[in-house]
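Q: Prediction below, plus the sequence it came from.
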Amino acid sequence: MNSRLSLAANEIGKNPAGSLGSEQKSSRRLSTRDLVYIAVLAALWAGSENVLGAQLHAMNIPFNGVPLTAIAVFLMVTGRSLVPKAGSTILMGIVVALLRMLSIGGVLLSPMIAILMEALLVELAMTAGGATQLASLIGGALAEIWSFVHPFVIQPLLFGGQILVIYEKTILAGSKMLGVDPANVILIILVIVVLHGIAGIVAGVVGWRFSLRAKRVLSR
Amino acid sequence: MEIFAKSQAGTQQIGVYGAIAILAGGLLLALSMGGAFLLIPLIYAAVVCLLFSREAFRDLRQIVVLVPVVIVVSTLLWQAEYIDPSPMATATSSPFVAGFIVGVEMSVRAVVTVLAVSVFVRTSKVSDLTYLIESVSGSKSFSFVLGLAFNIRPYLERISRDTLNAIKMRGGFTLRNMASSISCLLSSTTLNALAKCQDISYAAEARAFGSEMKAARSAPREQMKPSRTDLAIIITTVILVVLSFVSKA
């Protein structure tokens, strides 16, 4: 984390020493414009979490994490494309989590962990694969899948490991009641996971294409 | 933007060290204690909330639906063949009673976790947290990013509202063109926001942000030290955790 967040607000290439090593070091650092990009995109993400998230939560729509995560992936991929440096996406996630912390409303723990995990997954994908379309769609798919898996991770954290037994018993009892084979229940869950992954891939591709367009517009 | 004006009624600002001690102590006790010993973290969390942030009790509404569901499902579905039952659950013969007790245990754990996180979030100052993150990471620019993100929200809100109105005036957001309207809203808002970045970065650099540390010596920051309240919280939490583990052993 130390190296990821060792971000200094120095202009690239302004180092008076001018040696190769120092140039490489400064190119890893975030310039003022990079920091501004991260801040603006983080503010947009936080705005969508607060406004759209609150609306969807109030309407009690199932899988309401899908559109929220899709927007987050779109913004993260755009940000990573504009600031292709390790740590920029996780920095965005930390800022959004802290902005979420400042907002009113009781639900704090779960969205903060979700935001940080989504940022971490996209960061990992785009650090390993570079700022490419493939990495962005993999990162998007991972982040969307996390939005489905998230309650099953957060609830054992809240309630303890015993909740997993409750899940197992509920699936068995439910499948028995509906006359469905438990294996089919697992298949249904897998299908939902795959659908989340596809939504993430779409968001990643859209974000990547948008970032190319944004680069063109901003370079005018 | 009153959505961001977090209510601080009945909340005392304690130092970030004290808040971290409360969070760590509460979570450690909640995760490690079981059976009747779970009353220790529950009482600890309740007392801490009463002393420092009564508002934290309001955050329990996020699990107010989940807790009865967990208790009912646990009571109905818990069976004796579960290989690792809790100590209290094994003391009873009926699987329903055992399931009910396990459900209550899980609920208590959830209540303690929510209260500990809520007290941490509500009592610690964001500026202290930012300073702590900057100290740990060695970064000098985190507070700039956070401050800018916080302050630019009204501008982003305005451009998104303008874009929304423009799309609506052109007959957008009907069932037929919902997808394209959303796409236009998102891309237009993001592009407008990104177009502003250039001006902001120039403005920041004009105010000497981002200049070399050697050239512009920044004013030394006041070191963050734990206050007496923080020390009292840390010592109490450590003693409580040690006593809990000793008594459990």
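A: Ah, there it is.

Q: Let me know the pLDDT of the closest residue to chain A within chain B.
A: Closest to chain A within chain B is B:S137: 3.4 Å, counting by CB to the nearest CB. (C-beta placed from N, C-alpha, C; glycine too.) Here, the pLDDT recorded for B:S137 equals 74.

Q: Return the distance of it relative to A:F159.
A: Distance of B:S137 to A:F159, computed by CB to CB, to the nearest Å: 32 Å.

Q: who's more crowded, these two?
A: A:F159 (25 against 20; other CB atoms under 10 Å in any protein chain shown).

Q: can you count the residues close to the closest residue to the more buried one other than its chain neighbours?
A: Of all residues not flanking A:F159 in the chain, B:M106 sits nearest, at 3.9 Å (CB to CB, 6 or more residues apart in numbering or on different chains). Neighbourhood size, B:M106 [other CB under 10 Å]: 26.

Q: all helices for the chain, in order.
A: Defaulting to chain A. A:20-28, A:32-59, A:65-82, A:88-102, A:109-129, A:133-159, A:162-178, A:182-218 (DSSP state H).

Q: actually it's chain B I care about, not the one you picked
A: For chain B, applying DSSP H gives helices covering B:16-32, B:39-52, B:66-77, B:87-90, B:95-123, B:126-137, B:142-151, B:153-169, B:178-206, B:228-248.

Q: Among the ones you listed, show the one with the smallest mean pLDDT.
A: Here these differ in mean pLDDT, and the lowest is helix B:87-90 at a mean of 53.

Q: on that earlier part again, please tabulate the helices of chain A in TSV, including the columns mean pLDDT.
A: Below are the helices of chain A laid out as TSV (pLDDT from 0 to 100):
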stretch	mean pLDDT
helix A:20-28	51
helix A:32-59	88
helix A:65-82	93
helix A:88-102	88
helix A:109-129	91
helix A:133-159	89
helix A:162-178	78
helix A:182-218	90
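
Q: Of all those, which one comes closest to B:K196?
A: B:K196 lies closest, by CB to CB, to one member of the helices of chain A: helix A:32-59, at 7.0 Å.

Q: quick one: buried residues of the closest one?
A: A:32-50, A:53, A:56 (16 or more other CB atoms under 10 Å in any protein chain shown).

Q: Run through these and flag the ones next to chain B.
A: Contacts with chain B within the buried residues of helix A:32-59, counted by CB under 8 Å from any CB of the partner chain: A:32-33, A:35-44, A:46-47, A:50.

Q: Please name the nearest non-neighbouring residue to the residue nearest the centre of chain A.
A: Centroid-nearest residue in chain A: A:E118, 2.8 Å away (criterion: CA atoms, centre = their mean). Once flanking residues are discounted, A:E118 sits nearest to A:A143: 4.2 Å by CB to CB, 6+ apart.

Q: In contact with the one you found, which residues?
A: A:T69, A:A72, A:V73, A:M76, A:E118, A:L121, A:V122, A:G200 (CB atoms under 8 Å, 6 or more residues apart in numbering or on different chains).

Q: and the gap between it and chain B?
A: Applying CB to the nearest CB, to the nearest Å, the value for A:A143 to chain B is 17 Å.

Q: Lovely, talk soon.
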